[in-house]
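S.K.: What follows is a protein structure lacking sequence information:
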């Protein structure tokens, strides 16, 4: 009987044992709310971009002080964990206080040296062979940074808002309107400006000049009672409306061109850099090198590595021909830090290669990964994340969307074509023709009368024509008989 009871309890004992082992798996610590979990935290040390992780030796306290954006996010995440954590911060440095290796070698120190790695560690595929990552706590991606060029305006920039066909259409339409008004006001020649004493002896050149300049003069210096006929006034009113719309569009487009030309990037595509043989830069010991070579097919000899923002700036200033580079390829968070310091002369442009962003690294199959991932969600969806980003970046994630919109709007403003105003041109043309027909009715009355006369002749019946011919024959016969009567004796 006792053996039977023992056999029934044995499976439950195994289940409890497995649950206990599962809780103690991973980092070797239990994730409970009552016990304190001790974590050895590895952080990278780098020369540049210390806004993310800044490792400084404190000689007074004889320890390293670690601060930065990534550490603030980490502390915010730890504060939301359902259990207590004891942190032991251990920078990844050698005996001389310099960096002990690359980011790849840092994550490989898990779990032998560290229980977790915190820093600007990007989630990439090759690192998942050694560690598990939490959910990313920042969006990322690789883009290129290029200088902007100023003063692209030329002496002919004032013609750029309109295409050449639109300029030609405006001139032709102005001549057409002038000719129509001149024709309708031919009896009121004083309407057109001319020198005194020359109105009676206008030559053909002065007449054509008046036809061309009259609509333009009315746009710039409109005069009252310059035309006598109502039809002429109506045509002039429609022309002034068309001219007003065209001038407003010209002003708006020219303003846009003058504004955008101040911040045009020197290069806008990866293909342009690669095919042009330009040198480009990338961060030292970064996965960006493999991306440039394998994804974007850059020649390795055209790539130059740099460590910090100062080297970035110096390389961009001297340019590709002077021993520097034409563009810098790096992750968006680093470029945002660069633009915060030197943004007036540089711009992010070109395509973006999406990455998973920064995350915390844990041993493979660690049960702590899920706890930290849930805490990261709570931090990123709360107000604390925005405060941290404004502290280090100066603007929030919402501004990244604005940056993309500004980048799209920085392309060359297209000039306006005739098709842009085709509707107005058609309406003005129809109104002009109708006004001419109504004003000069004598022009079309005579053709209409002639058409009616010839229509009656063509529509005359054959019977009427035959009777007319018989009458002519009878008259001729009677005339012949009268001539044949002999005279009186």
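M.R.: Yep, it's here. Remember, it's a predicted structure, so these values are computed and weren't measured experimentally.
S.K.: Quick check: the gap between residue 307 and residue 335.
M.R.: Relative to residue 335, residue 307 is positioned 15 Å away (Cβ to Cβ, to the nearest Å). Just so you know, the C-beta spots here come from the backbone N, C-alpha and C atoms, and that holds for glycine as well.
S.K.: Show me where the stretch 201-350 of the chain dips below the pLDDT cut-off.
M.R.: Along the stretch 201-350 of the chain, segments meeting pLDDT under 70 span 201-228, 260-264.
S.K.: Strands of that one, start to end?
M.R.: Along the stretch 201-350 of the chain, counting by DSSP state E, counting those that start in this stretch, strands occupy 264-265, 280-283, 303-306, 327-331, 346-358.
S.K.: and residue 380, how many residues sit next to it?
M.R.: 19 (other Cβ atoms under 10 Å).
S.K.: If you could redo that for residue 139, that was the one I meant.
M.R.: Using other Cβ under 10 Å, residue 139 has 15 other residues around it.
S.K.: what does the one 4 residues further on give?
M.R.: For residue 143, the number of neighbouring residues by other Cβ under 10 Å comes to 19.
S.K.: Just the pLDDT for it.
M.R.: Model confidence at residue 143, given as pLDDT, is 90.
S.K.: of residue 307 and residue 335, who's got more company?
M.R.: Remark: of residue 307 and residue 335, residue 335 carries more neighbours, 24 against 14, as counted by other Cβ under 10 Å.
S.K.: Pull the contacting residues for that one.
M.R.: Listed by Cβ atoms under 8 Å, 6 or more residues apart in numbering, the contact partners of residue 335 are 143, 145, 328, 348.
S.K.: Check the spacing between the third one and residue 355 real quick.
M.R.: To tie it back to what came earlier, the one meant is residue 328. 16 Å.
S.K.: of these two, who's got more company?
M.R.: residue 328 (29 against 19).
S.K.: about what we covered before: with respect to residue 238, which of the contacts of residue 335 is nearest?
M.R.: Nearest to residue 238 among the contacts of residue 335: residue 348, at 47.9 Å, using Cβ to Cβ.
S.K.: need the contact list for the closest residue to that closest one other than its chain neighbours.
M.R.: Using Cβ to Cβ, 6 or more residues apart in numbering and skipping residues adjacent in sequence, the residue nearest residue 348 is residue 143, 5.0 Å away. Contacts for residue 143 were tallied using Cβ under 8 Å, 6+ apart; they are 329, 330, 332, 335, 348, 349, 350, 351, 352, 353.
S.K.: One more pass at 10 Å, please.
M.R.: Contact analysis of residue 143 by Cβ atoms under 10 Å, 6 or more residues apart in numbering lists 327-332, 335, 348-353, 407.
S.K.: Quick check: phi and psi on it?
M.R.: Per-residue torsions, residue 143: phi -130, psi 180 (degrees, to the nearest 10).
S.K.: Next one: it relative to residue 35, how far apart?
M.R.: 45 Å.
S.K.: now residue 315
M.R.: Noted for residue 315: a distance of 52 Å to residue 35, by Cβ to Cβ.
S.K.: can I assume residue 97 is in contact with residue 57?
M.R.: Yes - assessed by Cβ atoms under 10 Å, residue 97 is found in contact with residue 57 at 6.1 Å.
S.K.: shared neighbours of those two, anything?
M.R.: When contacts are counted by Cβ under 10 Å, 6+ apart, the set common to residue 97 and residue 57 consists of 64, 91.
S.K.: thinking again about what came up before, and residue 315 and residue 35? which has more neighbours close in?
M.R.: residue 315 (22 against 11).
S.K.: who touches the more buried one in this structure?
M.R.: Contacts of residue 315 by Cβ under 10 Å, 6+ apart are 279, 280, 281, 304, 306, 322, 323, 324, 325, 326, 327, 328.
S.K.: Among those, name the buried ones.
M.R.: Among the contacts of residue 315, the ones that count as buried by 16 or more other Cβ atoms under 10 Å are 279, 280, 281, 304, 306, 324, 325, 326, 327, 328.
S.K.: Output the residues you listed as a markdown table; include the columns distance to residue 371.
M.R.: Below are these laid out as a markdown table (distance: Cβ to Cβ, whole Å):
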| residue | distance to residue 371 |
| --- | --- |
| 279 | 46 |
| 280 | 41 |
| 281 | 39 |
| 304 | 42 |
| 306 | 38 |
| 324 | 46 |
| 325 | 43 |
| 326 | 46 |
| 327 | 41 |
| 328 | 37 |
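S.K.: Check these against residue 374 and report the nearest one.
M.R.: Ranked by distance to residue 374 (Cβ to Cβ), the buried ones among the contacts of residue 315 are led by residue 328 at 36.1 Å.
S.K.: List the contacts of the closest one.
M.R.: Residue 328 makes contact with 143-147, 280-283, 288, 304, 306, 309, 311-313, 315-316, 334-335, 338, 346, 348, according to Cβ under 10 Å, 6+ apart.
S.K.: One more: residue 351?
M.R.: 141, 142, 143, 144, 268, 269, 270, 271, 296.
S.K.: Identify the bridge partners of the closest residue in space to the fifth one that isn't next to it in sequence.
M.R.: Residue nearest to residue 268 in three dimensions, not counting chain neighbours: residue 349, with 5.4 Å by Cβ to Cβ, 6+ apart. According to DSSP bridges, the residues that bridge with residue 349 are residue 144.
S.K.: Residue 349: neighbouring residues, count only.
M.R.: Neighbour count of residue 349, defined by other Cβ under 10 Å: 21.
S.K.: now do residue 244
M.R.: For residue 244, the neighbour count with other Cβ under 10 Å is 11.
S.K.: so how far is stretch 242-255 off the chain centroid?
M.R.: Centroid displacement of stretch 242-255 relative to its chain, using Cα atoms, centre = their mean, to the nearest Å, is 23 Å.
S.K.: Could you shift the numbering so residue one becomes 9, and keep it that way?
M.R.: That works, and once the first residue is 9, the last one we named lands at stretch 250-263.
S.K.: Helices of the stretch 359-497 of the chain, start to end?
M.R.: With helices called from DSSP state H, counting those that start in this stretch, the stretch 359-497 of the chain shows them at 376-388, 391-400, 406-417, 430-447, 449-466, 470-492.
S.K.: sorry, that was for the stretch 209-358 of the chain
M.R.: Going by DSSP H, counting those that start in this stretch, the stretch 209-358 of the chain shows helices at 212-228, 238-268, 278-283, 296-298, 317-326, 340-350.
S.K.: Sounds good, over and out.
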